[in-house]
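Novice: show me how the following folds:
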Amino acid sequence: MKPKKKKRTNYERLEATCEKIPKHETLTIAGDLNAKIGKKEYLKGVAGKETIPSTTTDNEKRIINLHNRDNRRNKNRRKNEWFDEKCEKLIKEKKEARAKWLKTNKEKKEQK
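Specialist: Numbering: from 1, shown residues only. Here you go, the predicted structure:
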């Protein structure tokens, strides 16, 4: 199977699975979807404010379309606020730790 066709098939299967879950249920999709969702204003409802990449990919459109079609997070925003805040805090801490590590690693290389 060609890579583009395989990708399309995988996203179609993901969408079909999401459609089977009742709308009143909270749905969390975790995994490596190879979607870089940037920091654009209209994407805040999809990925939150602590997203790391500044660019976006083709897979971004697929994730956004899935989010907009299903529209769970926006409807359940108040119920999920605590969870979202905790996730965003962890992502921010990881991002800061990575920046410190990169800075430290660069300084070590320069000292040699």
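Novice: output the below-cut-off pLDDT ranges for the chain.
Specialist: 1, 34-57, 68-90, 98-112 (pLDDT under 70).
Novice: count of neighbours near Lys94?
Specialist: 12 (other C-beta atoms under 10 Å). Just so you know, the C-beta spots here come from the backbone N, C-alpha and C atoms, and that holds for glycine as well.
Novice: what helix or strand does it sit in?
Specialist: helix 77-111 (DSSP states H and E).
Novice: swap in Ile63?
Specialist: helix 58-70.
Novice: for that helix, list every residue counted as buried.
Specialist: 60, 62-64, 66-67, 70 (16 or more other C-beta atoms under 10 Å).
Novice: cool, and stretch 6-26?
Specialist: 7, 11, 14.
Novice: look up how far Glu15 lies from Thr9.
Specialist: Distance, Thr9 to Glu15, using C-beta to C-beta, to the nearest Å: 11 Å.
Novice: equivalent analysis for Ala97, please.
Specialist: 34 Å.
Novice: how about Thr28?
Specialist: The value you get for Thr28 to Glu15, if C-beta to C-beta is used, is 16 Å.
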